[in-house]
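Undergrad: just a sequence and a predicted model for now, questions to come.
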Amino acid sequence: MPISAEVIFYTLSASLLVSLVSLSGAFVFYLDRQLLKRLLPYLIALAVGVLLGDAFIHLIPDAAERQGSIATVCLTTLAGVFLFFVLEKIVRWRHDHTVFADDSIKPIAKMNLMGDAVHNFVDGILIGGSFLVDPVIGLTTTLAIVVHEIPQEIGDVGALVYGGYSPKDAVLYNFYCSLTVVVGAVFTLLLGQFAEASLILLLPIAAGGFIYIAATDFIPVLHEHSSLRNLCGQSIVFALGVGFMQAIVVLEGSLLIP
């Protein structure tokens, strides 16, 4: 059955809207350099909370519901952790051995872009698949994704600035990375059921990537700031990031109730 022009228009418009949400991190343009430097640990703490919250509260449960086997989902998540471990090894090897490497850009920033690209691609599949089912479900799915992208994109921009990108480049590269939402949506429109079936693998792999990046790249950065003020502030922001993800799961549930 051919896909209607209306569904194609809605799907591409919704995926582009989600990509534009990545520009929510552009507020860093207006911050004094010293203020931005003081805020970076807290933005990274937000990123940690959002990444881990998204992995454990959203991606893994969604994968388990689709797969039907918790053991298989856990194994695939571990495969995702291993995959990102190998990717970081390659990134660090190239960083150390490329003569013209830009030493100002840390591997942590490149890993964040990779993980976000996979996650955005998954979001694109979810958007495309929901519009193929029903436009109303597509709109509610898009709204839920937009809401959960806002805190994540803010944390991502902070992580990229910490990783060596200028505020302008951080926002720009984050936006480029977000365009994989559109790629995922087009992938779904072209391949339909095959794209939907791929979520069984992509969801836990994305979760594994988020867990790896948060645990091995971001959390050690937070431990560089060990004052009581940083302990309290970062802990609160970390918890807020997790809380955002839990609130979004509740919102998704209310939106999708017929």
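TA: Cool, the structure landed. All values derive from a computational prediction rather than experimental measurement. Residues are numbered from 1 along each chain as shown.

Undergrad: tell me where the stretch 151-258 of the chain has helices.
TA: 167-178, 180-191, 193-212, 219-222, 228-255 (DSSP state H, counting those that start in this stretch).

Undergrad: check the offset of the shortest one from the chain's centre.
TA: Here the centre of helix 219-222 is set off from its chain's centre by 18 Å, with C-alpha atoms, centre = their mean, to the nearest Å.

Undergrad: what stretches of the protein score poorly on pLDDT?
TA: Across the chain, the ranges flagged by pLDDT under 70 are 1-2, 95-103, 252-258.

Undergrad: centroid residue for it?
TA: Asp116 (4.0 Å; C-alpha atoms, centre = their mean).

Undergrad: that one - nearest residue in space that isn't next to it in sequence?
TA: Cys177 (5.1 Å; C-beta to C-beta, 6 or more residues apart in numbering). Bear in mind the C-beta positions are built from the backbone N, C-alpha and C, glycine included.

Undergrad: quick one: the one you found from Gln152, how far?
TA: Cys177 sits 12 Å away from Gln152, taking C-beta to C-beta, to the nearest Å as the criterion.

Undergrad: same deal with Ile236?
TA: Distance from Ile236 to Gln152, by C-beta to C-beta: 18 Å.

Undergrad: neighbour-wise, which of the two wins?
TA: Taking other C-beta atoms under 10 Å, Ile236 and Gln152 do not tie; Gln152 has more neighbours (27 against 13).

Undergrad: so what's the more buried one up against?
TA: For Gln152, the contacting residues are Ala47, Val50, Leu51, Asp54, Asp116, by C-beta atoms under 8 Å, 6 or more residues apart in numbering.

Undergrad: what do you get if the cut-off is 6 Å, keeping everything else the same?
TA: Gln152 sits next to Val50 when contact means C-beta atoms under 6 Å, 6 or more residues apart in numbering.

Undergrad: list the buried ones in the host helix or strand of Leu51?
TA: Leu51 belongs to helix 33-53 when assigned by DSSP states H and E. Using 16 or more other C-beta atoms under 10 Å as the test for burial, helix 33-53 gives 36, 39-53.

Undergrad: I'd like the next helix or strand past it.
TA: Counting by DSSP H and E, what follows helix 33-53 is helix 60-67.

Undergrad: next, the buried residues of that next one.
TA: Neighbour-count burial for helix 60-67 flags Ile60, Pro61, Asp62, Ala63, Ala64, Gln67 (criterion: 16+ other C-beta under 10 Å).

Undergrad: many thanks, I have nothing further to ask.
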